[in-house]
Every structure is written in structure tokens, then in C-alpha cells.
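> compute the structure for the input listed below.
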Amino acid sequence: MFLLTKSVKAPIGEFSGIVLMLLAMCFLSTMDAIAKWLMEHSATPIQLLALRSVIIVPCVILYFWIKGESDKLVPTRPIAQGIRGMLGFIAPFSFFVGIHYLPLTAAVVVFFSSIFFTTLLSIVVLKEKVGVHRWMAVVVGYCGVALAMMPWSGGELKGYLLVLISSVAYSALFISGKYLARTESVTSLVLSYNLGVGVVSLFLLPWFWSNIEWQMYLGVLLLAVFALAGHFSMTKAFSIAEASQITPFEYTGVLWTLLFDIVIWQVYPSRYTLAGAVIIISSSLYVIHRERAQRLKIRYR
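Purely as a prediction, here's the structure:
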């Protein structure tokens with residue numbers, strides 16, 4: 001009976017995780033498109049992050065309070081989480097500023113280089129061992145990043161550099177979250193991150209406030225809703241399925257941003273952006289494959 005139950009539940013968990021990851025990428029890509037559109041209509045990145053946090057943080061607290069699980073939001077290492085949350089501000093801020101100067105597809109393609117930064121940081125912070133295969137994948141992946149950032153790929157160089165900064169910051173956020181997850185709950189990490197972003201952006205808001213039409217606030221509300229839905233979908237996906245099973249579906253975000261670029265901005269990606277995307281995604285998938293193979297090797301020793 002145990003074996004039968006296990007064999008039935010595993011595929012269901014994997015399928016549900018894949019569906020949730022696909023939904024998460026749809027939601028988060030839509031959030032990026034809304035942010036780009038709002039910034040083209042006078043909203044500032046600081047303003048968007050501040051208003052987003054003002055909506056998200058109370059919603060998260062209320063959700064877990066209603067469920068009677070508010071204790072999950074309490075950190076055991078508040079100082080470490082607070083520092084992580086405030087430094088985490090760099091990731092969305094740099095990305096939002098970057099997409100103001102780039103086609104959405106080009107920005108997302110370069111941002112996917114975060115998996116290579118994550119690999120490098122895991123060596124320093126988590127003391128993980130990385131073999132020659134993953135090192136080669138990292139090198140090839142950065143060749144793809146360089147190709148996607150070619151001057152004739154579309155967009156401005158400062159936009160690509162800002163997205164790279166965002167990619168590094170996101171990797172640091174991921175690794176620090178993985179390190180703190182040894183003692184902290186995932187929900188407390190999500191809350192402290194959004195709270196940290198909110199504290200920093202609200203502090204800076206008086207210098208970066210822009211008067212926008214009241215209809216624009218509906219766009220800000222939608223941005224927060226899609227961000228919240230995306231984060232919860234992704235968190236749930238990782239909780240019910242193995243990372244190696246669902247992470248490859250993260251790259252469907254490229255398809256969504258490609259669609260938004262064409263439909264909203266009538267912008268088509270250059271062949272260099274597409275070639276860079278193929279190299280980055282292929283190298284990233286190989287890194288994921290090698291990590292999974294290494295874990296299986298350790299498990300069965």
C-alpha cells in the first residue's frame with residue numbers, strides 16, 4: 001500500500017509543481033510588463049516598489065493571520081533577515097530601472113544569468129563543490145550573456161549593466177535565503193524580504209515621488225496582485241516538487257516577455273538576443289542537470 005501511495009502521489013506533486021511554476025512565470029512576467037508600462041507613463045521605480053510593498057506586506061500578514069499561522073511569519077534571526085530584506089531592494093530596483101532602457105525580452109534573457117552567479121556564490125558561501133562540467137556551463141553561459149548584450153541587440157548598455165546588477169543581487173538573495181532557511185521558515189523570509197524592500201523604498205520615496213493620474217493606481221494595484229500571486233505560486237511549487245523538476249519551466253518567462261514586447265511595444269528581439277537566450281538557457285539547464293546528478297550520487301552512496 002505504501003509503495004502504491006508513493007507512486008501515485010509523486011507524479012501528482014510533480015505535475016502540480018510544474019503547473020504552479022508555469023503560472024508563476026506568467027504572473028511575474030506580467031508584473032514586469034506592467035512595471036515597464038507604468039514607468040513609461042511617469043511612475044518611478046522607487047514609487048512602484050514602495051506602493052507594491054504597502055499592498056503586499058499587509059496582505060501576507062492578513063492571509064496567515066486568517067489561517068491561524070501567523071507564528072510562521074516570526075523570524076528567529078530578525079537582524080539577519082532585516083539586513084537581507086533591505087539589501088534585497090537592489091534586485092527589483094535595478095531590474096525595474098534596467099527595463100526602462102531595454103526591450104523586456106532582452107532584459108529577461110540577461111537576467112537569467114543569475115543561475116551562474118548563484119553557482120559561483122554557492123562555492124563561497126555554502127562551500128559547495130562545483131565540478132568541471134558546471135564550470136564549463138558557467139563559462140559558456142556567460143558567452144551567451146555577452147552575445148545577448150551586443151550593441152546591435154537593441155537597448156542601451158546601462159540597461160544591460162543594471163539588469164546584470166539585479167541578477168547578482170537576486171543570486172545573493174537566493175543564496176542568503178538558502179543559508180537562512182536552515183533556521184527560518186520560508187514564509188518569514190518572504191515577508192522580511194518584501195518588508196525590507198518597502199522600508200528602503202518608502203525612505204527614498206519623498207525624493208522620487210511622481211504625480212500620476214488616478215487611473216495609474218489601478219496599474220500599481222495589478223502589479224502588486226501579480227507579484228503576490230507569482231511569489232506564492234513559485235513558493236508553493238518548490239514546496240511540493242523537486243527544484244530540478246520545475247526550475248526548467250522558469251524559462252517560459254522568455255515566451256511571455258516576447259509576447260508582451262510584440263503586442264504592447266511592437267518590438268521584436270534581435271537574432272543576437274535569441275542566440276544568447278538559447279546559449280544561456282541550455283547552459284542553465286545543464287547546470288541544473290549536473291546538480292541533480294550530484295545530489296543523486298550523494299544520496300545513493
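> which parts of the stretch 201-301 of the chain are helices?
216-240, 243-246, 253-265, 271-299 (DSSP state H, counting those that start in this stretch).
> got the buried residues for the helix or strand containing Val190?
If you go by DSSP states H and E, Val190 is part of helix 186-208. Buried residues in helix 186-208, counted by 16 or more other Cβ atoms under 10 Å: 187-201, 204. Every C-beta, even on glycine, is put in place using the N, C-alpha and C of the backbone.
> and stretch 253-268, by the same measure?
253-254, 256-258, 260-261, 267.
> next one: stretch 105-123
Under 16+ other Cβ under 10 Å, the buried positions of stretch 105-123 are 105-119, 121-122.
> mind putting the helices of the stretch 201-301 of the chain into CSV with distance to Phe174 and mean pLDDT?
CSV is the format used below for the helices of the stretch 201-301 of the chain (distance: least, Cβ to Cβ, whole Å; pLDDT from 0 to 100):
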stretch, distance to Phe174, mean pLDDT
helix 216-240, 11, 85
helix 243-246, 11, 68
helix 253-265, 16, 91
helix 271-299, 13, 74
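> need the ones you listed in TSV with distance to Gly141, can you?
Below are those laid out as TSV (distance: least, Cβ to Cβ, whole Å):
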stretch	distance to Gly141
helix 216-240	22
helix 243-246	17
helix 253-265	15
helix 271-299	4
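> so which of those gets nearest Ala43?
Among the helices of the stretch 201-301 of the chain, the nearest to Ala43 by Cβ to Cβ is helix 216-240 (6.4 Å).
> quick one, the closest one and helix 186-208 angle?
Here helix 216-240 points in a direction 160 degrees away from that of helix 186-208 (axes from the mean of the first three to the mean of the last three Cα atoms, to 10 degrees).
> what residues does helix 216-240 touch?
Applying Cβ atoms under 8 Å, 6 or more residues apart in numbering, the external contacts of helix 216-240 come out as 13, 16-18, 20-21, 23-25, 27-28, 30-31, 34-35, 37-38, 41-43, 48, 51-52, 55-56, 59-60, 186-187, 190, 246.
> please repeat the previous calculation with a cut-off of 7 Å.
Contacts with helix 216-240, where a contact means Cβ atoms under 7 Å, 6 or more residues apart in numbering, come from 13, 16-17, 20-21, 23-24, 27-28, 30-31, 34-35, 38, 41, 43, 48, 51-52, 55-56, 59, 186, 190, 246.
> kindly report the same for stretch 264-277.
33, 37, 103, 105-106, 109, 144-145, 147-148, 150, 152-154, 254, 258, 261-262.
> hmm, 8 Å instead?
33, 37, 103-106, 109-110, 112, 144-150, 152-154, 254, 258, 261-262.
> low pLDDT regions in the protein?
1-13, 125-131, 151-153, 243-244, 289-301 (pLDDT under 70).
> and Val74, what does it touch?
Ser188.
> quick one: it from Ser42, how far?
39 Å (Cβ to Cβ, to the nearest Å).
> how about Val197, what does it touch?
If a contact means Cβ under 8 Å, 6+ apart, then Val197 has 49, 52-53, 85-86, 88-89, 92 as its contacts.
> how about 6 Å then?
49, 53, 89 (Cβ atoms under 6 Å, 6 or more residues apart in numbering).
> repeat for Leu285
Pro248.
> go on, Ser29?
Contact analysis of Ser29 by Cβ under 6 Å, 6+ apart lists 253, 256-257.
> now it, what's its secondary structure?
Recorded secondary structure, Ser29: helix (DSSP: H, G, I helix; E, B strand; the rest coil).
> ok, the nearest residue to Val109 once chain neighbours are set aside - how many residues close by?
The spatially closest residue to Val109, leaving aside those adjacent along the chain, is Ala277, at 4.5 Å (Cβ to Cβ, 6 or more residues apart in numbering). Residues within reach of Ala277, counting by other Cβ atoms under 10 Å, total 23.
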